[in-house]
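*Asks:* this one's sequence-less:
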């Protein structure tokens, strides 16, 4: 019996072990399960453990639910594209926000990603429109201004009568760099240019705020 | 303009806010995206944040990859069933382990779930076969012995010439209860009955081990 060796004889029990780990790994799960786990692991935030838990869910859930999940995945991939005006996610040529007649088309909020649009929309206090850059300037990842959707933005500023632009990129190094770059680019057009307020988060304790947030909050102090 | 109200006038910028939060939520993402997020949230360990990150991955990954993922999900759901002998996951009538002629068919390792089979197989030191109970006795979840695949196990013990049974249920309350129940049931058959060794995990520090593990480790001490 090649590939087999006698294991430790503990408590009198006779065991056989297989020499090559790979040989065993093959027989652990079925082929289609291994393929699924392999695919699931590629998803962000999913490790092998989580993939196995998702597998268990898939196996015990009603067939209907799983078919719906699988269809929802392909549906999104096939039907979702970028809004022609603002690059936000959309199933038509224009996204819902650009289509909405009640939105103020002359106030543009510049964000890095579609998920930022979702976050600001949830806050429910902005009634202008957006411009999604699809990323930020990040020398570390080799992403420069040419990788961002800036051209369309400049075109919007020139062609439409934009009253105000709010730069709402992240408050990290990449976001700040992008904001600086955009500010330099937009300032000459004469449009009123704002940056999202940086300060103490609502409901948070002053003593737990980091010092850079605190100094930014002091800078952006306002009269009450 | 119903449903709209003037927001705070900060730094001289004029904003409009929408009164009803729900009205905005509807327009945050497209319909197919909301449907996908809703489906993804149902998966174990996936919250809205993770779902949005998975959505971003799906949108930027090659169409081919996403089709493969979607197909892998339905494939598993449609083709995977339980092994007729041991209840392990399988695509044929018998699982790979029960089919493998090199496995010692007279040593059965009893585990709670198919993922336990996978874990023991990865260790690579067991060459017997398995019996998957598909759960454990858990009064809190209203699961009793009748919810477990015990009948087939007793049949296997009676019909085949089983030399040894290793109970490898979890070392938690449910697993211990299940082990005790099985021991009572199997003891009368006269088969050699073992429980997986409980002790200090390999590579761990004695001082960090909890006291119940330590006392179990002392109980299961062996001569060197």
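*Replies:* Structure received. No experiment lies behind these values; they were computed from the predicted model shown.

*Asks:* What sits closest to residue A:93 if chain neighbours are left out?
*Replies:* Nearest in space to residue A:93, with sequence neighbours left out and distances taken as CB to CB, 6 or more residues apart in numbering or on different chains, is residue A:84 at 5.1 Å. C-beta here means a position set from N, CA and C on the backbone, and glycine is covered the same way.

*Asks:* For the strand of greatest length in chain A, give me every contacting residue.
*Replies:* As assigned by DSSP state E, the longest strand anywhere in chain A is strand A:104-111. For strand A:104-111, contacts defined as CB atoms under 8 Å, 6 or more residues apart in numbering or on different chains pick out A:117, A:120, A:126-133, A:153, A:156-157, A:160-169, A:182, B:13, B:15-16.

*Asks:* and if you look at stretch A:188-199?
*Replies:* For stretch A:188-199, the surrounding residues in contact (CB under 8 Å, 6+ apart) are A:157-158, A:162-168, A:171, A:179, A:183, A:186-187, A:213, A:216-217, A:220, B:10-11, B:13.

*Asks:* Just the buried ones among these, please.
*Replies:* Among the contacts of stretch A:188-199, those that count as buried by neighbour count (16 or more other CB atoms under 10 Å in any protein chain shown) are A:157, A:162, A:164-168, A:179, A:186, A:213, A:216-217.

*Asks:* Closest one to chain B out of those, please.
*Replies:* Sorting the buried ones among the contacts of stretch A:188-199 by distance to chain B puts residue A:164 at the head of the list, at 6.0 Å, by CB to the nearest CB.

*Asks:* Low-confidence regions, chain A specifically.
*Replies:* By pLDDT under 70, the weakly predicted segments of chain A are A:1-27, A:222-224.

*Asks:* quick one: the strands in it?
*Replies:* In chain A, strands defined by DSSP E lie at A:4-6, A:16-18, A:81-82, A:89-90, A:104-111, A:128-132, A:164-167, A:192-195, listed in chain order.

*Asks:* mind checking which of those is nearest residue B:141?
*Replies:* Each of the strands of chain A was scored for nearness to residue B:141 using CB to CB, and the closest is strand A:16-18 (35.7 Å).

*Asks:* what's the first-to-last distance across stretch A:54-65?
*Replies:* 13 Å (CA to CA, to the nearest Å).

*Asks:* That one near chain B at all?
*Replies:* Yes: residues of stretch A:54-65 are located near chain B by CB under 8 Å from any CB of the partner chain, namely A:54-59, A:61, A:63, A:65.

*Asks:* what's the offset of that stretch from the middle of its chain?
*Replies:* Its chain's C-alpha centre lies 26 Å from the corresponding centre of stretch A:54-65 when counted by CA atoms, centre = their mean, to the nearest Å.

*Asks:* try stretch A:96-115
*Replies:* Taking CA atoms, centre = their mean, one finds the center of stretch A:96-115 at 18 Å from the center of the full chain.

*Asks:* Straight-line length of that stretch, end to end?
*Replies:* End-to-end distance for stretch A:96-115: 15 Å, by CA to CA.

*Asks:* Would you mark the buried spots in it?
*Replies:* For stretch A:96-115, the buried set under the neighbour-count rule, 16+ other CB under 10 Å, comprises A:96-98, A:103, A:105, A:107-115.

*Asks:* Closest one to chain B out of those, please.
*Replies:* For the buried residues of stretch A:96-115, the residue nearest chain B by CB to the nearest CB is residue A:96; the value is 4.3 Å.

*Asks:* separation between residue A:114 and residue A:81?
*Replies:* Distance, residue A:114 to residue A:81, by CB to CB, to the nearest Å: 11 Å.

*Asks:* Name the residues contacting each of those two.
*Replies:* By CB under 8 Å, 6+ apart, residue A:114 and residue A:81 have these common neighbours: residue A:89.

*Asks:* distance between the ends of stretch A:124-140?
*Replies:* One end of stretch A:124-140 to the other measures 34 Å (CA to CA).

*Asks:* Flag every buried residue along that stretch.
*Replies:* A:124, A:126-138.

*Asks:* And chain B, is it touching that?
*Replies:* Yes: Stretch A:124-140 comes into contact with chain B (CB under 8 Å from any CB), by way of A:124-128.

*Asks:* Save those residues as TSV, and put in distance to residue A:46 too.
*Replies:* Compiled in TSV, these are given as follows (distance: CB to CB, whole Å):
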residue	distance to residue A:46
A:124	31
A:125	34
A:126	33
A:127	37
A:128	36
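
*Asks:* Now flag whichever of the residues you listed is closest to chain B.
*Replies:* Comparing those against chain B with CB to the nearest CB picks out residue A:127 as the nearest, at 3.5 Å.

*Asks:* Mark out where each domain of chain A begins and ends.
*Replies:* The record, using automatic domain parsing to delimit domains, assigns chain A the ranges A:27-64, A:100-223.

*Asks:* Quick one: distance of the longest one to the chain centre.
*Replies:* The chain centroid and the centroid of domain A:100-223 are separated by 16 Å, computed with CA atoms, centre = their mean.

*Asks:* which ones are touching the residue nearest to residue A:30 when sequence neighbours are not counted?
*Replies:* In this structure, residue A:30 finds its nearest non-sequential neighbour in residue B:91, 4.6 Å apart by CB to CB, 6+ apart. With contacts defined as CB under 8 Å, 6+ apart, residue B:91 is in contact with A:30-32, B:79-81.

*Asks:* in the longest helix along chain A, what's buried?
*Replies:* Criterion DSSP state H: the longest helix present in chain A is helix A:63-79. Of the residues in helix A:63-79, those buried under the neighbour-count criterion (16+ other CB under 10 Å) are A:66, A:68-77.

*Asks:* Reformat those into a markdown table and put distance to residue B:205 next to each item.
*Replies:* Listed next are those as a markdown table, based on distance: CB to CB, whole Å:
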| residue | distance to residue B:205 |
| --- | --- |
| A:66 | 43 |
| A:68 | 48 |
| A:69 | 43 |
| A:70 | 46 |
| A:71 | 50 |
| A:72 | 47 |
| A:73 | 44 |
| A:74 | 49 |
| A:75 | 51 |
| A:76 | 48 |
| A:77 | 48 |
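
*Asks:* among those residues, which are in reach of chain B?
*Replies:* A:66, A:68-77.

*Asks:* How about the most centrally placed residue in chain A, nearest residue that isn't a chain neighbour?
*Replies:* For chain A, the residue whose C-alpha lies nearest the mean C-alpha position (CA atoms, centre = their mean) is residue A:115; its distance is 5.8 Å. On the basis of CB to CB, 6+ apart, the spatially nearest residue to residue A:115 that is not a chain neighbour turns out to be residue B:52, at 5.3 Å.
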